[in-house]
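Novice: I'll drop the sequence and a predicted model, then ask my questions.
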Amino acid sequence: MPGAPTIDAARVIADLRELARRTGDDAGAQRLAWTEAWREARRFLGELLAEVGLEPERDAAGNLWTTLPGAAPDAPALVVGSHLDSVPDGGWLDGALGVMTGVGALRAWAVSDSPPPRPLCLVDWADEEGARFGRSLLGSSAFSGTLDTAEVAALRDRDGVTLAEALADNGVNLERSPEAGARAASLGGYLELHIEQGPVLEAEGLPVAAVRGCAGVERKRLRFAGQAAHAGTTPMSARNDAGLAAAETALTVERVAVERGGVGTTGGLVLEPGIATAVPGRAELLVDLRHPDAAELEAMLGEVRVAAGDRSSQRDCSVDEERIWRIEPIPFDPALVELAAEAAAAAGGRTDPLTSGALHDAAEVARVLPAAMMFCPSRAGLSHTVQEDTAEADLATAIDAYGELVGRALLRAG
């Protein structure tokens with residue numbers, strides 16, 4: 001966009017490093033949602049915004065919003081941002097890159113000679129990761145209208161605290177959180193910059209790419225029930241081993257994902273009584289299935305269900321299923337994706353958009369607003385770990401390309 005101010009990429013990277021210093025340790029980022037480190041991250045965000053005379057406000061779901069007025073103050077606003085919360089021992093860039101780059105965009109326009117063509121909003125979505133209570137995209141799903149508050153109110157963290165209690169401790173009433181969606185009527189689009197969290201861009205040697213949409217997810221907890229028994233006196237042929245039924249199902253998840261071209265993860269396995277001298281009488285297996293095609297995702301889930309039933313029957317066990325969360329594959333707005341692809345290509349990035357296998361707030365936002373994303377590379381494809389990193393040159397290129405995209409999108413009718 002002619003005349004659009006340039007984001008100060010070096011300042012954004014410096015802000016990211018300061019955020020990591022304030023809210024992390026040698027094990028990684030510790031900005032778990034609704035905790036003190038997360039609140040400290042938001043205090044730092046407030047300090048950065050205050051430098052240009054802006055102050056964030058919190059909506060009913062705990063999302064933070066900051067608005068820079070535009071030349072056409074009543075025009076639909078363009079929203080930039082991501083999330084500050086992290087997984088335990090997480091990386092310094094996941095989510096935070098999008099928020100700090102959004103701050104950079106507001107800063108650039110705030111000190112420029114003219115206001116943005118229309119209002120420019122920054123959002124920090126609350127509890128994107130779902131790491132504490134297992135419910136991802138909490139704040140953005142309240143905004144989009146898909147959050148069932150009754151369904152999630154009793155979710156508990158490992159210390160027994162319920163989601164509703166944690167939100168209340170942070171001044172958020174879970175039952176009223178869907179009121180956050182009222183803001184959507186004044187908004188015209190959403191753009192998010194994020195690390196890829198995968199290996200494609202690094203393998204291709206490219207610094208940035210547009211994203212066409214997010215894969216769908218089916219997340220379940222499978223509970224296997226057998227019979228606990230003595231490990232030394234119970235013959236192998238007489239066992240009802242719930243742990244082995246769960247383990248065999250986990251291997252099936254891997255096979256199905258490979259054969260269907262998706263991804264499947266069994267990220268949690270709990271055995272009871274969980275001692276060396278007893279056959280497991282109960283087992284819980286967390287299953288996460290993802291695919292960009294809805295029909296293939298449904299087929300994956302169907303095969304895993306059949307396998308869980310078969311493996312349980314073979315060992316004289318039973319199995320039941322608890323739905324934790326699901327989201328269908330969500331495409332982004334074609335016009336915004338095209339703008340993102342043009343900005344990526346102009347910066348020497350990928351000409352063909354990627355599909356995200358990871359979840360992002362943009363997937364929920366896309367239900368109610370035109371939305372798109374940009375990715376920059378992740379070293380070794382690693383994320384959700386202290387080893388998460390991106391070369392500074394690639395970060396700077398992606399930040400510059402994102403700034404170009406913001407400028408182009410500000411001219412697009414909402």
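Specialist: Yep, it's here. Numbering: from 1, shown residues only.
Novice: can you pull the contacts of the closest residue to residue 143 other than its chain neighbours?
Specialist: Computed as Cβ to Cβ, 6 or more residues apart in numbering, the closest residue to residue 143 that is not its neighbour in sequence is residue 180, at 4.7 Å. All C-beta atoms are positioned from the backbone trio N, CA, C, and that covers glycine. Contact analysis of residue 180 by Cβ atoms under 8 Å, 6 or more residues apart in numbering lists 59, 60, 61, 63, 139, 142, 143.
Novice: Quick one: neighbours of residue 292, just the number.
Specialist: Here the count is done by other Cβ atoms under 10 Å, and residue 292 has 19 residues near it.
Novice: Would you agree residue 168 falls within a helix?
Specialist: Yes: counting by DSSP: H, G, I helix; E, B strand; the rest coil, residue 168 falls inside a helix.
Novice: rewinding a little: for residue 175, state which of the contacts of residue 180 is nearest.
Specialist: residue 60 (9.5 Å; Cβ to Cβ).
Novice: could you pull out the strands for the stretch 1-150 of the chain?
Specialist: Assigned by DSSP state E, counting those that start in this stretch, the strands in the stretch 1-150 of the chain fall at 24-25, 28-29, 57-58, 64-68, 77-82, 120-124.
Novice: Residue 261: which of those is closest?
Specialist: When the strands of the stretch 1-150 of the chain are compared by Cβ to Cβ, strand 77-82 sits nearest residue 261, at 27.8 Å.
Novice: can you list the domain ranges for the chain.
Specialist: 9-215+329-410, 217-327 (automatic domain parsing).
Novice: In JSON lines, list the ones you listed along with mean pLDDT.
Specialist: Listed next are the domains of the chain as JSON lines, based on pLDDT from 0 to 100:
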{"stretch": "domain 9-215+329-410", "mean pLDDT": "97"}
{"stretch": "domain 217-327", "mean pLDDT": "97"}
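Novice: that older thread, could the strands of the stretch 1-150 of the chain be laid out in a markdown table, adding mean neighbour count?
Specialist: Shown next, in a markdown table, are those (neighbours: other Cβ atoms under 10 Å):
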| stretch | mean neighbour count |
| --- | --- |
| strand 24-25 | 16 |
| strand 28-29 | 25 |
| strand 57-58 | 12 |
| strand 64-68 | 20 |
| strand 77-82 | 27 |
| strand 120-124 | 26 |
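Novice: any chance of those strands in JSON lines, plus distance to residue 245?
Specialist: Shown next, in JSON lines, are the strands of the stretch 1-150 of the chain (distance: least, Cβ to Cβ, whole Å):
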{"stretch": "strand 24-25", "distance to residue 245": "39"}
{"stretch": "strand 28-29", "distance to residue 245": "34"}
{"stretch": "strand 57-58", "distance to residue 245": "46"}
{"stretch": "strand 64-68", "distance to residue 245": "45"}
{"stretch": "strand 77-82", "distance to residue 245": "40"}
{"stretch": "strand 120-124", "distance to residue 245": "43"}
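Novice: who does the helix or strand where residue 299 lies touch, helix- and strand-wise?
Specialist: Using DSSP states H and E, residue 299 maps to helix 294-314. Under the contact criterion of 3 or more Cβ pairs under 8 Å, 6 or more residues apart in numbering; DSSP states H and E, helix 294-314 touches strand 216-225, helix 242-260, strand 282-291, strand 318-327.
Novice: who wins for proximity to residue 33 among these?
Specialist: Counting by Cβ to Cβ, residue 33 lies closest to strand 318-327 out of the helices and strands packed on helix 294-314; the figure is 15.2 Å.
Novice: Residues in contact with the closest one: which ones?
Specialist: Strand 318-327 has contacts (Cβ under 8 Å, 6+ apart) with 130, 134-137, 214, 216-226, 245, 249, 286, 305, 308-309, 312, 359, 363-364.
Novice: now do stretch 249-263
Specialist: Residues outside stretch 249-263 that contact it (Cβ under 8 Å, 6+ apart): 215, 222, 224, 264-266, 269, 285, 287, 289-292, 296-297, 299-300, 303-304, 307-308, 311, 319, 357.
Novice: got it, and stretch 294-312?
Specialist: For stretch 294-312, the external contacting residues (Cβ under 8 Å, 6+ apart) are 215-218, 220, 222, 224, 245, 248-249, 252-253, 256-257, 260-262, 264, 287, 289-291, 318-319, 321, 328-329.
Novice: does the residue lying farthest from the centre of the chain count as helix, strand or coil?
Specialist: Relative to the C-alpha centroid of the chain, counting by Cα atoms, centre = their mean, residue 233 is the outermost residue, at 47.5 Å. Taken by three-state DSSP, the conformation at residue 233 corresponds to coil.
Novice: Quick check: the gap between it and residue 180.
Specialist: According to Cβ to Cβ, to the nearest Å, residue 233 and residue 180 sit 58 Å apart.
Novice: List the contacts of residue 226.
Specialist: Residue 226 touches 239-242, 245, 279-283, 315-318, counting by Cβ under 8 Å, 6+ apart.
Novice: Show the backbone phi and psi for it.
Specialist: phi -130, psi -130 (degrees, to the nearest 10).
Novice: circling back to that earlier point, and the residue farthest from the centre of the chain, how far is that from residue 277?
Specialist: For residue 233, the distance to residue 277 - Cβ to Cβ - is 10 Å.
Novice: next one: residue 354
Specialist: In this view, residue 354 and residue 277 are 49 Å apart by Cβ to Cβ.
Novice: Give me the more crowded residue out of these two.
Specialist: residue 354 (19 against 8).
Novice: hey, what's the closest residue to the more buried one other than its chain neighbours bridged with?
Specialist: Excluding its sequence neighbours, the residue lying closest to residue 354 (Cβ to Cβ, 6+ apart) is residue 209, at 5.1 Å. Partner residues in beta bridges with residue 209, using DSSP bridges, are residue 375.
Novice: Quick check: residue 209 touching residue 350?
Specialist: Yes: using Cβ atoms under 8 Å, residue 209 makes contact with residue 350 at a distance of 3.7 Å.
Novice: what is in contact with those two at once?
Specialist: 201, 344.
Novice: More neighbours: these two, which one.
Specialist: Neighbours were counted for residue 209 and for residue 350 using other Cβ under 10 Å; residue 209 has more, 28 against 20.
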